[in-house]
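J.: using only what follows, build the 3D model:
(one chain, ligands or ions: 1)
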Amino acid sequence: MITIDQLVKTFPHRTKAGKKGEKTAVDHLSLDIHAGEIFGLLGPNGAGKTTTIRMLTMQIRPTSGRIFYDGKELKTHAQELKSLIGVVPQHVNFDQDLTVGENLELHARLHHLSRAERSARIRELLDYVELSEVVNDGVRRLSGGMKRRLLIARALIHRPRILFLDEPTVALDPQVRRRIWEMIRRLAREGVTVFLTTHYIEEAEILCDRVAILNQGRRIALGAPKALCEKLGRFTVEWETDEGRSYRFFPNRQCAAAFAAEQEAEGGLQIRPTNLEDAFIDLTGRKEGL
Ligand SMILES: Nc1ncnc2c1ncn2[C@@H]1O[C@H](COP(=O)(O)OP(=O)(O)OP(=O)(O)O)[C@@H](O)[C@H]1O
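T.: All right, here's what the predicted structure looks like:
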């Protein structure tokens, strides 16, 4: 569905000493995104996730490298491919003076939907994201979760086949987050390919069929969350030391238990299944979001 080949993005940058230079935000990234999957781009702050989405959705041009949708290169088929793509940005960017319905209407016009199509599609989408009740409310009055759902509705107005979501649940409470996850799963079941970025590892583990982990613009891991955990070892022994928590990974529970039995840790040892956060910390050396 999407092929990303050796994508690079550099930005002009001044060093501490004021010298002009360049910063590489995305560094020779290659990926294949399959039709119908939920794909997650995971990484610490500044890893290059937003920059990647912005290149894939034509908001900025790559410095080098190529992007293909269904075998067609984005650079030479931009107009045609635009209609395939829906984008849910990280930051809310509605017209704050308009109502919920008016915001969708404006977007539908931008996508050249006919008057009859517009009203039917807006009704259908408001129903889908459960916002029909607030169609005539100003967007200012919506809660954070409602705004995020409205962003999703807006991105779907032209029935895109691929939906990009940049940090879809950032700053939302756990209940609202779960509701957004359910919505994303439903879209994927209905055949939409989903590409999302997140620095919430739990979100990627629960939601994504496959993830890529980015660090300083480079892809350092790719695969199903379960496969990445298994690569490290299916079981983790975790214990407290003077320097903080320590971890060791083992292929099975017996090996983990044998190791745990030999240790004399004061803080107590815990044996548990390895999770994606362990893989993330092991690969990036950082805790989530740091
Ligand atoms: N327009 C820009 N000009 C200069 N540098 C930029 C620009 N956009 C991004 N960068 C730099 O590129 C790097 C990657 O940024 P990006 O926003 O893609 O990271 P991210 O993984 O999305 O992080 P976050 O989770 O904080 O949003 C950062 O070092 C950032 O400062």
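J.: measure the residue nearest the centre of the chain to residue 208 for me?
T.: Residue closest to the average C-alpha location in the chain (CA atoms, centre = their mean): residue 197, at 1.8 Å. Going from residue 197 to residue 208 by CB to CB, to the nearest Å gives 11 Å. Heads up, the C-betas are built off the backbone N, CA and C, glycines and all.
J.: the top helix by length along the chain: what's the following helix or strand?
T.: As assigned by DSSP state H, the longest helix anywhere in the chain is helix 174-189. Once the chain leaves helix 174-189, the next helix or strand it forms, by DSSP states H and E, is strand 193-198.
J.: got phi/psi on residue 212?
T.: phi -120, psi 140 (degrees, to the nearest 10).
J.: same deal with residue 94?
T.: Residue torsions, per degrees, to the nearest 10, at residue 94 are phi -80, psi 170.
J.: same check on residue 58?
T.: Torsion angles, degrees, to the nearest 10, at residue 58: phi 70, psi 20.
J.: so which residue of the stretch 101-250 of the chain comes closest to the ligand?
T.: Closest residue of the stretch 101-250 of the chain to the ligand, CB to the nearest ligand atom: residue 199 (5.2 Å).
J.: near the ligand, which residues of the stretch 101-250 of the chain show up?
T.: Listed as neighbours of the ligand in the stretch 101-250 of the chain under the rule CB under 6 Å from any ligand atom: residue 199.
J.: strands of the stretch 101-250 of the chain, start to end?
T.: Here the stretch 101-250 of the chain has its strands, by DSSP state E, counting those that start in this stretch, at 162-166, 193-198, 210-215, 218-223, 235-241, 244-250.
J.: okay, the ones you listed in TSV with mean pLDDT next?
T.: Putting these into TSV (pLDDT from 0 to 100) gives the following:
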stretch	mean pLDDT
strand 162-166	96
strand 193-198	96
strand 210-215	95
strand 218-223	95
strand 235-241	87
strand 244-250	85
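J.: distance to residue 90 added to the ones you listed, as JSON lines?
T.: Listed next are the strands of the stretch 101-250 of the chain as JSON lines, based on distance: least, CB to CB, whole Å:
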{"stretch": "strand 162-166", "distance to residue 90": "4"}
{"stretch": "strand 193-198", "distance to residue 90": "8"}
{"stretch": "strand 210-215", "distance to residue 90": "15"}
{"stretch": "strand 218-223", "distance to residue 90": "21"}
{"stretch": "strand 235-241", "distance to residue 90": "32"}
{"stretch": "strand 244-250", "distance to residue 90": "30"}
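J.: low-confidence ranges in the protein?
T.: Across the chain, residues meeting the criterion (pLDDT under 70) sit at 265-267, 286-290.
J.: what domains does the record give for it?
T.: 1-84+160-225, 93-158, 234-273 (automatic domain parsing).
J.: for the stretch 1-150 of the chain, just list every one of the helices.
T.: Ranges of helices in the stretch 1-150 of the chain, per DSSP state H, counting those that start in this stretch, are 49-56, 78-82, 100-110, 115-128, 144-155.
J.: pick the most deeply packed of those helices.
T.: Stretch with highest mean neighbour count among the helices of the stretch 1-150 of the chain: helix 49-56 (a mean of 24; mean count of other CB atoms under 10 Å).
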